[in-house]
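1. sequence and predicted structure, then a few things I'm wondering about:
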Amino acid sequence: ANIYAMKQLGVSKIIAPTASGSLQPAIKPGDFVICDQFVDRTWGRKDTFFDGPEVKHISAAHPYCPELRKTAVETCKSLGITAHEKGTVVVIQGPRFSTVAESRWFSKMGWEVINMTQYPEVYLAREMGICYANIALITDFDAGLEGCDDIPPVTEEEVYKVFAENNEKVKKVLFEMIKKAGTAQDKCICCGA
């Protein structure tokens, strides 16, 4: 409903910061990851505007806007913020955190980030032809990182603490991106969906 309402209001770009966990030791709390792919491990979420009577098949091959992602990467670099230029986010149902076994599986698959909120909104934005970029603020290491047995399981308090400590960085990136992003979508694949 929110994505549809944004489209009706003329929104052409969405920058979505999220609190996220790291699945890889090289991606540390306080880092940003500019996600380029997602893996959906959710269920029961309405994830299309085209479930009848009209049905459309929209490609999800490259779900995040490449132009908006590029702007995010450049903005983070210009502000001296550690940002990983790409990453796959595995989206879990929530509200619970992963088990150690799940976390190890996700990590062994090579996925970098875990959160509960990227899907279905990234795909719904694509269906509406809205550019969408995610800036994943890493708040914790997920449980079960291979070779990192000393990492305790994530807690809600830890997530809130690290997010609060980095909130100003998130704001700076957002404000700079808004200045740089403009309104043109002519170079982007999103608006043709």
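-> Happy to help now that I have it.
2. how much space between the residue nearest to the spatial centre of the chain and residue 100?
-> In the chain, the C-alpha nearest the mean C-alpha coordinate belongs to residue 134, at 3.8 Å (Cα atoms, centre = their mean). Counting by Cβ to Cβ, to the nearest Å, the gap from residue 134 to residue 100 is 25 Å. C-beta here means a position set from N, CA and C on the backbone, and glycine is covered the same way.
3. re the thing from before, if I look at the nearest residue to the residue nearest to the centre of the chain once chain neighbours are set aside, how far off is residue 24?
-> Spatial nearest neighbour of residue 134, chain neighbours left out: residue 35 (4.4 Å); criterion: Cβ to Cβ, 6 or more residues apart in numbering. Distance of residue 35 to residue 24, given as Cβ to Cβ: 13 Å.
4. out of the two, which sits in the busier spot?
-> More crowded of residue 35 and residue 24, by other Cβ atoms under 10 Å: residue 35, with 27 against 21.
5. how about the helices in the chain?
-> Using DSSP state H, the helices of the chain run over residues 2-8, 66-78, 100-108, 121-127, 156-181.
6. now those helices in JSON lines, please, with extra columns for distance to residue 142, mean pLDDT and mean neighbour count.
-> Formatted as JSON lines, the helices of the chain follow (distance: least, Cβ to Cβ, whole Å; pLDDT from 0 to 100; neighbours: other Cβ atoms under 10 Å):
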{"stretch": "helix 2-8", "distance to residue 142": "27", "mean pLDDT": "93", "mean neighbour count": "14"}
{"stretch": "helix 66-78", "distance to residue 142": "22", "mean pLDDT": "95", "mean neighbour count": "19"}
{"stretch": "helix 100-108", "distance to residue 142": "4", "mean pLDDT": "92", "mean neighbour count": "18"}
{"stretch": "helix 121-127", "distance to residue 142": "20", "mean pLDDT": "95", "mean neighbour count": "23"}
{"stretch": "helix 156-181", "distance to residue 142": "11", "mean pLDDT": "92", "mean neighbour count": "15"}
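7. so which of these comes closest to residue 91?
-> Of all those, it is helix 121-127 that lies closest to residue 91, at 8.8 Å by Cβ to Cβ.
8. who are the packing partners of that closest one?
-> Helix 121-127 makes packing contacts with helix 2-8, strand 13-22, strand 131-141 when contacts are defined by 3 or more Cβ pairs under 8 Å, 6 or more residues apart in numbering; DSSP states H and E.
9. report pLDDT for residue 1.
-> On pLDDT, residue 1 comes in at 66.
10. now do stretch 21-34: distance to the chain's middle.
-> How far stretch 21-34 lies from its chain's middle: 12 Å, per Cα atoms, centre = their mean, to the nearest Å.
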